[in-house]
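Colleague: I'll drop the sequence and a predicted model, then ask my questions.
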Amino acid sequence: MKARIAEVFDSIQGEGLYLGEKQIFVRFFNCNLSCSYCDTKLDRFTEYEPRELFEEIKLYRDKFHSISFTGGEPLLYADFLREILKLTGGRGHRHYLETNGTLFFELERLIDRIDIIAMDLKFPSSTGMGNLWHLHKKFLKVAAKKEVFLKAIICQATHEEDLKQAVGMIKEISPASVLVLQPNSYENQAVLRDKLCKFKELANQAGVTTCVIPQIHKIMGIR
Ligand code: SF4
(Lines give C-alpha, C1' and ligand atoms only; values in the text may rest on other atoms or scores of the structure.)
Protein backbone atom coordinates (compact mmCIF):
# COMPACT_ATOMS: atom_id res chain seq x y z
CA MET A 1 0.00 0.00 0.00
CA LYS A 2 1.51 3.33 -1.05
CA ALA A 3 0.77 6.99 -0.51
CA ARG A 4 1.83 10.00 -2.55
CA ILE A 5 3.80 12.32 -0.31
CA ALA A 6 5.02 15.72 -1.47
CA GLU A 7 7.54 16.33 1.32
CA VAL A 8 8.73 15.30 4.78
CA PHE A 9 10.54 17.95 6.82
CA ASP A 10 10.88 19.41 10.29
CA SER A 11 9.94 22.96 11.17
CA ILE A 12 7.82 24.89 13.62
CA GLN A 13 4.05 24.97 13.33
CA GLY A 14 3.18 28.27 11.69
CA GLU A 15 -0.55 28.54 12.35
CA GLY A 16 -3.34 27.67 14.74
CA LEU A 17 -3.27 26.92 18.46
CA TYR A 18 0.02 24.99 18.38
CA LEU A 19 1.89 27.88 16.82
CA GLY A 20 5.62 27.60 17.45
CA GLU A 21 5.71 23.91 18.37
CA LYS A 22 8.39 21.89 16.66
CA GLN A 23 6.90 19.21 14.44
CA ILE A 24 7.77 16.71 11.76
CA PHE A 25 5.58 17.53 8.77
CA VAL A 26 4.33 14.87 6.36
CA ARG A 27 2.66 16.64 3.45
CA PHE A 28 0.39 14.41 1.40
CA PHE A 29 -0.17 15.07 -2.27
CA ASN A 30 -3.59 15.91 -3.68
CA CYS A 31 -6.79 17.29 -2.25
CA ASN A 32 -10.52 16.69 -2.70
CA LEU A 33 -11.26 20.43 -2.65
CA SER A 34 -10.21 23.44 -4.66
CA CYS A 35 -10.21 26.58 -2.52
CA SER A 36 -9.68 29.91 -4.23
CA TYR A 37 -6.99 30.91 -1.69
CA CYS A 38 -5.11 27.59 -1.73
CA ASP A 39 -1.38 28.09 -1.11
CA THR A 40 -0.49 24.40 -1.50
CA LYS A 41 -0.14 23.89 -5.24
CA LEU A 42 1.82 20.65 -5.23
CA ASP A 43 3.34 19.41 -8.46
CA ARG A 44 5.53 16.48 -7.40
CA PHE A 45 5.48 13.59 -5.00
CA THR A 46 7.29 10.45 -3.93
CA GLU A 47 5.47 7.20 -3.31
CA TYR A 48 6.05 5.72 0.13
CA GLU A 49 5.12 2.46 1.82
CA PRO A 50 4.17 3.04 5.49
CA ARG A 51 7.38 1.33 6.64
CA GLU A 52 9.49 3.59 4.36
CA LEU A 53 7.92 6.71 5.83
CA PHE A 54 8.43 5.35 9.34
CA GLU A 55 12.15 4.82 8.67
CA GLU A 56 12.45 8.39 7.39
CA ILE A 57 10.69 9.82 10.44
CA LYS A 58 13.08 7.89 12.67
CA LEU A 59 15.97 9.89 11.18
CA TYR A 60 14.76 13.00 13.04
CA ARG A 61 16.64 12.71 16.32
CA ASP A 62 15.77 16.05 17.98
CA LYS A 63 12.80 16.24 20.31
CA PHE A 64 9.60 17.34 18.62
CA HIS A 65 6.06 17.98 19.82
CA SER A 66 4.19 15.83 17.32
CA ILE A 67 3.99 14.59 13.76
CA SER A 68 1.80 16.81 11.61
CA PHE A 69 -0.03 14.98 8.84
CA THR A 70 -0.95 17.68 6.40
CA GLY A 71 -1.56 18.24 2.72
CA GLY A 72 -3.29 18.47 0.40
CA GLU A 73 -5.74 16.33 2.31
CA PRO A 74 -4.17 13.51 4.35
CA LEU A 75 -7.47 11.67 4.85
CA LEU A 76 -7.43 10.78 1.15
CA TYR A 77 -4.91 8.16 2.30
CA ALA A 78 -6.83 6.66 5.23
CA ASP A 79 -5.58 3.08 4.72
CA PHE A 80 -1.99 4.26 4.61
CA LEU A 81 -2.51 6.50 7.64
CA ARG A 82 -3.86 3.61 9.69
CA GLU A 83 -0.60 1.77 9.13
CA ILE A 84 1.82 4.63 9.71
CA LEU A 85 -0.08 5.77 12.83
CA LYS A 86 0.33 2.29 14.31
CA LEU A 87 4.08 2.45 13.70
CA THR A 88 4.70 5.98 14.96
CA GLY A 89 2.23 5.53 17.84
CA GLY A 90 4.29 2.51 18.91
CA ARG A 91 7.23 4.86 19.42
CA GLY A 92 5.13 7.21 21.54
CA HIS A 93 4.78 10.02 19.01
CA ARG A 94 1.78 12.35 19.15
CA HIS A 95 -0.32 12.68 15.99
CA TYR A 96 -1.56 16.04 14.76
CA LEU A 97 -3.95 16.00 11.82
CA GLU A 98 -4.43 19.06 9.60
CA THR A 99 -7.53 18.51 7.52
CA ASN A 100 -10.14 20.31 5.46
CA GLY A 101 -12.84 18.78 7.64
CA THR A 102 -14.90 16.98 5.00
CA LEU A 103 -13.93 13.27 4.97
CA PHE A 104 -15.75 12.22 8.14
CA PHE A 105 -16.02 8.55 7.23
CA GLU A 106 -12.23 8.29 6.85
CA LEU A 107 -11.67 10.18 10.12
CA GLU A 108 -13.95 7.74 11.95
CA ARG A 109 -11.62 4.89 10.95
CA LEU A 110 -8.57 6.68 12.39
CA ILE A 111 -9.85 8.72 15.29
CA ASP A 112 -8.55 6.35 17.95
CA ARG A 113 -4.97 7.04 16.83
CA ILE A 114 -5.19 10.83 16.39
CA ASP A 115 -4.34 13.17 19.29
CA ILE A 116 -5.05 16.68 17.95
CA ILE A 117 -7.17 17.77 15.01
CA ALA A 118 -6.77 21.13 13.29
CA MET A 119 -10.00 21.25 11.30
CA ASP A 120 -10.59 23.79 8.56
CA LEU A 121 -13.98 25.37 8.10
CA LYS A 122 -14.51 26.20 4.46
CA PHE A 123 -16.70 29.29 4.37
CA PRO A 124 -18.42 29.36 0.95
CA SER A 125 -17.88 33.13 0.69
CA SER A 126 -14.11 32.64 1.30
CA THR A 127 -13.41 29.55 -0.80
CA GLY A 128 -15.51 30.32 -3.86
CA MET A 129 -16.86 26.76 -3.59
CA GLY A 130 -20.28 25.44 -2.63
CA ASN A 131 -21.69 24.88 0.82
CA LEU A 132 -19.86 22.21 2.86
CA TRP A 133 -21.66 22.69 6.19
CA HIS A 134 -23.35 19.26 6.04
CA LEU A 135 -19.91 17.60 5.77
CA HIS A 136 -18.33 19.84 8.41
CA LYS A 137 -21.09 18.93 10.89
CA LYS A 138 -20.59 15.20 10.44
CA PHE A 139 -16.84 15.65 10.62
CA LEU A 140 -16.92 17.72 13.81
CA LYS A 141 -19.13 15.11 15.52
CA VAL A 142 -16.35 12.56 15.00
CA ALA A 143 -13.48 14.98 15.69
CA ALA A 144 -15.05 16.06 19.00
CA LYS A 145 -14.08 12.67 20.45
CA LYS A 146 -10.53 14.08 20.58
CA GLU A 147 -8.93 17.51 20.98
CA VAL A 148 -10.08 19.64 18.06
CA PHE A 149 -9.82 23.29 17.15
CA LEU A 150 -11.27 24.94 14.07
CA LYS A 151 -9.67 27.31 11.63
CA ALA A 152 -11.35 29.58 9.09
CA ILE A 153 -9.62 31.74 6.49
CA ILE A 154 -11.01 35.25 6.45
CA CYS A 155 -10.86 37.20 3.18
CA GLN A 156 -12.34 40.48 2.04
CA ALA A 157 -15.11 38.44 0.44
CA THR A 158 -16.04 36.53 3.62
CA HIS A 159 -19.65 37.03 4.73
CA GLU A 160 -20.73 37.47 8.32
CA GLU A 161 -23.44 34.89 7.64
CA ASP A 162 -20.77 32.18 7.29
CA LEU A 163 -19.23 33.14 10.62
CA LYS A 164 -22.66 32.86 12.29
CA GLN A 165 -23.18 29.45 10.72
CA ALA A 166 -19.80 28.29 12.06
CA VAL A 167 -20.48 29.62 15.55
CA GLY A 168 -23.87 27.87 15.65
CA MET A 169 -22.32 24.59 14.58
CA ILE A 170 -19.49 24.75 17.15
CA LYS A 171 -21.91 25.61 19.98
CA GLU A 172 -24.17 22.74 19.05
CA ILE A 173 -21.52 20.04 18.53
CA SER A 174 -18.29 20.94 20.32
CA PRO A 175 -18.79 24.04 22.49
CA ALA A 176 -15.38 23.84 24.18
CA SER A 177 -13.49 24.01 20.87
CA VAL A 178 -11.63 27.18 19.93
CA LEU A 179 -12.21 28.93 16.62
CA VAL A 180 -9.12 30.45 14.99
CA LEU A 181 -9.69 33.21 12.45
CA GLN A 182 -6.79 33.29 10.02
CA PRO A 183 -6.40 36.29 7.68
CA ASN A 184 -5.80 35.36 4.05
CA SER A 185 -2.06 35.92 3.68
CA TYR A 186 -2.47 37.07 0.06
CA GLU A 187 -4.71 40.01 0.88
CA ASN A 188 -3.96 43.38 2.44
CA GLN A 189 -3.81 42.69 6.19
CA ALA A 190 -4.67 46.27 7.13
CA VAL A 191 -7.90 46.01 5.15
CA LEU A 192 -8.81 42.71 6.82
CA ARG A 193 -8.10 43.96 10.33
CA ASP A 194 -11.49 45.56 11.03
CA LYS A 195 -13.36 42.52 9.78
CA LEU A 196 -11.24 40.17 11.92
CA CYS A 197 -11.84 42.27 15.05
CA LYS A 198 -15.58 42.41 14.37
CA PHE A 199 -15.83 38.65 13.70
CA LYS A 200 -13.81 37.81 16.82
CA GLU A 201 -16.09 39.98 18.92
CA LEU A 202 -19.25 38.48 17.44
CA ALA A 203 -18.09 34.91 17.97
CA ASN A 204 -16.88 35.54 21.51
CA GLN A 205 -20.16 37.24 22.42
CA ALA A 206 -22.04 34.23 21.04
CA GLY A 207 -20.06 32.00 23.42
CA VAL A 208 -17.36 30.51 21.20
CA THR A 209 -13.78 31.19 22.27
CA THR A 210 -12.21 32.83 19.22
CA CYS A 211 -8.80 34.24 18.40
CA VAL A 212 -7.06 35.79 15.42
CA ILE A 213 -3.79 34.11 14.41
CA PRO A 214 -2.02 34.86 11.11
CA GLN A 215 0.29 32.42 9.33
CA ILE A 216 3.55 33.11 11.14
CA HIS A 217 5.74 30.89 8.95
CA LYS A 218 4.98 33.13 5.97
CA ILE A 219 5.88 36.26 7.94
CA MET A 220 9.14 34.60 9.10
CA GLY A 221 9.91 33.22 5.63
CA ILE A 222 10.21 29.60 6.77
CA ARG A 223 8.50 26.42 5.61
S1 SF4 B 1 -8.47 22.16 1.39
FE2 SF4 B 1 -6.42 23.05 1.74
S3 SF4 B 1 -5.07 21.96 0.30
FE4 SF4 B 1 -7.21 21.58 -0.34
S5 SF4 B 1 -7.61 23.16 -1.90
FE6 SF4 B 1 -8.35 23.96 0.07
S7 SF4 B 1 -6.60 25.11 0.90
FE8 SF4 B 1 -5.80 23.81 -0.73
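Modeller: Received it, and whenever you're ready, just let me know what you need. Residues are numbered from 1 along each chain as shown.
Colleague: wait, what's in contact with the nearest residue to Ile117 once chain neighbours are set aside?
Modeller: Sequence neighbours aside, Val148 is the residue nearest to Ile117 in space, at 4.2 Å (criterion: Cβ to Cβ, 6 or more residues apart in numbering). For the C-beta atoms, the positions are set from N, CA and C on the backbone; glycine is no exception. For Val148, the contacting residues are 116-119, 140, 174, 177, by Cβ atoms under 8 Å, 6 or more residues apart in numbering.
Colleague: just Ala152 next, same as before
Modeller: Counting by Cβ under 8 Å, 6+ apart, Ala152 has contacts 120-121, 123, 126, 158, 162-163, 166, 179-182.
Colleague: Could you report the distance from the residue minimising distance to the centre of the chain to Glu55?
Modeller: The residue lying closest to the centre of the chain (Cα atoms, centre = their mean) is Glu98, at 3.0 Å. Distance of Glu98 to Glu55, computed by Cβ to Cβ, to the nearest Å: 23 Å.
Colleague: now do Glu160
Modeller: Distance check for Glu160 against Glu55: by Cβ to Cβ, it reads 49 Å.
Colleague: cool, Ala176 as well?
Modeller: Distance from Ala176 to Glu55, by Cβ to Cβ: 38 Å.
Colleague: and what of Phe105?
Modeller: 30 Å.
Colleague: At which residues are the helices of this structure located?
Modeller: Using DSSP state H, the helices of the chain run over 50-58, 78-90, 104-110, 124-127, 133-143, 160-173, 189-205, 216-220.
Colleague: which helices and strands does the longest one pack with?
Modeller: So the one you mean is helix 189-205. strand 147-154, helix 160-173, strand 179-183, strand 210-212 (3 or more Cβ pairs under 8 Å, 6 or more residues apart in numbering; DSSP states H and E).
Colleague: So which of these is nearest Glu21?
Modeller: The closest of these to Glu21 is strand 147-154. By Cβ to Cβ, the value is 13.2 Å.
Colleague: got the buried residues for that closest one?
Modeller: 148-154 (16 or more other Cβ atoms under 10 Å).
Colleague: Among these, which one sits closest to the ligand?
Modeller: Ile153 (7.8 Å; Cβ to the nearest ligand atom).
Colleague: residues in contact with that closest one?
Modeller: Counting by Cβ under 8 Å, 6+ apart, Ile153 has contacts 35, 37, 120, 123, 126-127, 182-184.
Colleague: Does anything pack onto the lengthiest strand in the chain? Which helices or strands?
Modeller: Counting by DSSP state E, the longest strand found in the chain is strand 3-12. Counting contacts by 3+ Cβ pairs under 8 Å, 6+ apart, strand 3-12 packs against strand 22-28, strand 46-48, helix 50-58.
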